[in-house]
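K.L.:
take this sequence and fold it.
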Amino acid sequence: MSVSVTKAKMSSIVGLCREFVFKKSGSIRAFASLIGKLVATFPGVEYGPLHYRHFVRDKDLALRHSAGNFEVMMILSEESIIELEWWIKFLPTASKLINHGPINYTIFVDASRKGWGAIVDESRTQGLWSLEEAVHNINILEMLAALFGLQALCGHLHKVNIRIMSDNATAVSYINCMGGTKSWSCNSVAYKIWYWAIERNIWLTAAHTPGIKNVEADVLSRNFVSGLEWQMNAGIFSKIVDCFGVPDIDLFASRINHRVPAYASWKPDPNAVIIDAFTSDWSTFKQFYVFPPFCLIARCLQKILLEQATGIMVVPLWRTQAWFTRVLDLLIDTPRWVRVNKSVLEHPLINHHPLSSQLCLLICKLSGKSSLTSAYRQKLRMSSCVLGDRAQGSSMTYTSGSGVNFVFKEKLISCTPL
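P.N.:
Take a look at the predicted model:
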């Protein structure tokens, strides 16, 4: 069962909205009257509260400038014009359900100064804040935790009712009221939360839960394996793209450190196209980019070989590792190298990489296709050394006086500084 606005009232309000859209101005009193009429329709307009707060802001600013004189003319902002157009379009068919039915899913969310966490049934996820987000008020962070939790854990759902459990009363209020006027930042996040839900025909309610009963989400928002969030500096990545081309996907990334729009994360993530890169077929990508945790390098190389995939891989220049000869075997282009300093690798919580004083990274274009690797090796010259260097007695890797070089299968691989 639903409630809707009467036809006569609807026609009157739509007419007033059209008049303001046409003139883009009017007296403060007339605009305040229209706001009152719109608010009165909320019991019959499901998403009405989402589309009137710019009106209130414009009216309040106009009153402030006019010293409280309601007879002064005001000019509407572009945002208010857009919201008026929404009312003109949707009010004629708007209605509001009296009861949305039982709750289908409950999500527990929490935020700390470090990150956010969310739980739905047995599914859990978490994430760090970006440097820009970390400076926000805790109320905004709590609302962002709700948004990211919904996106990460409930993105596959449609036509359901979800209850958000939070220990932050402000977040609960802004979600239930579809926004507010006291904090414009909180209102903006509430708008994003509700439009995420509207796109999926999901109804949301929020309820307060004491912090003592929200322990699991709280732990997720505070405890992280922080070493997984390292990323290449944007300038360095731009040079990599110049050398090897733009990749289709970043296979080991997260919401805050992906270098291309499409990325895979290792746990549920708000915008990831793939959860766990190892569950996908890498050969479906024209060219991937992967900067994996060092402990997963061997596994990544094995997957590239088995699936005959092609892409860009960043590895440390550790010649004695068992996987290093596999890297050389899969090369299809001249490797680039870069010595790590405080600016090469970035992390939202850590100033510099613990190995920055001794780490050198190798950026390689690799392929599991033997035709490509063979074609690359045929272009290489046989092993030789620069005048003054020691002669190579076997096919071992070495660093010559003129740069980073390797000898592999009797071929000289000379790396270029990035």
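K.L.:
can you list the domain ranges for the protein.
P.N.:
2-97, 105-222, 227-374 (automatic domain parsing).
K.L.:
for those domains, give me JSON lines that also has mean pLDDT, distance to R381 and mean neighbour count.
P.N.:
Quick note: C-beta positions are derived from backbone N, CA and C, even for glycine. Putting the domains of the chain into JSON lines (pLDDT from 0 to 100; distance: least, C-beta to C-beta, whole Å; neighbours: other C-beta atoms under 10 Å) gives the following:
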{"stretch": "domain 2-97", "mean pLDDT": "95", "distance to R381": "63", "mean neighbour count": "16"}
{"stretch": "domain 105-222", "mean pLDDT": "95", "distance to R381": "46", "mean neighbour count": "19"}
{"stretch": "domain 227-374", "mean pLDDT": "91", "distance to R381": "13", "mean neighbour count": "18"}
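K.L.:
give me phi/psi at the residue nearest to R381 when sequence neighbours are not counted?
P.N.:
Closest residue to R381 apart from its sequence neighbours, by C-beta to C-beta, 6 or more residues apart in numbering: L412 at 5.7 Å. Phi and psi for L412, reported as degrees, to the nearest 10, are phi -90, psi 120.
K.L.:
bridging residues for L412?
P.N.:
Assessed by DSSP bridges, L412 has beta-bridge partners V407.
K.L.:
let me know how buried it is, in neighbour terms.
P.N.:
16 (other C-beta atoms under 10 Å).
K.L.:
look up how far A375 lies from it.
P.N.:
17 Å (C-beta to C-beta, to the nearest Å).
K.L.:
repeat for A111
P.N.:
Counting by C-beta to C-beta - A111 and A375 are separated by 52 Å.
K.L.:
can you map out the helices along the chain?
P.N.:
Assigned by DSSP state H, the chain shows helices spanning 7-23, 28-40, 53-65, 78-90, 138-153, 169-176, 184-199, 215-222, 234-244, 297-307, 324-329, 370-379.
K.L.:
rebuild these as CSV, extending it with distance to I119.
P.N.:
Converted to CSV, the helices of the chain look like this (distance: least, C-beta to C-beta, whole Å):
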stretch, distance to I119
helix 7-23, 42
helix 28-40, 36
helix 53-65, 31
helix 78-90, 34
helix 138-153, 8
helix 169-176, 16
helix 184-199, 17
helix 215-222, 5
helix 234-244, 33
helix 297-307, 29
helix 324-329, 39
helix 370-379, 45
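K.L.:
nearest to S265, of those helices?
P.N.:
helix 138-153 (8.7 Å; C-beta to C-beta).
K.L.:
which helices and strands sit right next to the closest one?
P.N.:
Here helix 138-153 touches strand 105-111, strand 115-120, strand 123-128, strand 161-166, helix 169-176, helix 184-199, going by 3 or more C-beta pairs under 8 Å, 6 or more residues apart in numbering; DSSP states H and E.
K.L.:
so which of the ones you listed gets nearest H258?
P.N.:
strand 123-128 (12.0 Å).
K.L.:
okay, now the sheet partners of that closest one, with direction.
P.N.:
Counting by DSSP bridges, strand 123-128 is paired with strand 115-120 (antiparallel).
K.L.:
wait, doesn't V314 sit right on F291?
P.N.:
Yes - at 4.2 Å, V314 counts as touching F291 under the criterion of C-beta atoms under 8 Å.
K.L.:
anything in contact with each of the two?
P.N.:
Common neighbours of V314 and F291, counting by C-beta atoms under 8 Å, 6 or more residues apart in numbering, are M232.
K.L.:
got the contact list for V404?
P.N.:
L317, W337, C360, L362, S414, C415.
K.L.:
change it to 7 Å
P.N.:
Residues near V404 by C-beta atoms under 7 Å, 6 or more residues apart in numbering: L317, W337, C415.
K.L.:
just the pLDDT for it.
P.N.:
pLDDT for V404: 79.
K.L.:
state the phi and psi torsions of the residue positioned nearest the centre of the chain.
P.N.:
In the chain, the centroid-proximal residue (C-alpha atoms, centre = their mean) is R255; its distance is 3.3 Å. Dihedral pair for R255: phi -60, psi -30, per degrees, to the nearest 10.
K.L.:
shouldn't it be in contact with K267?
P.N.:
No - R255 is beyond contact range of K267, at 10.9 Å (criterion: C-beta atoms under 7 Å).
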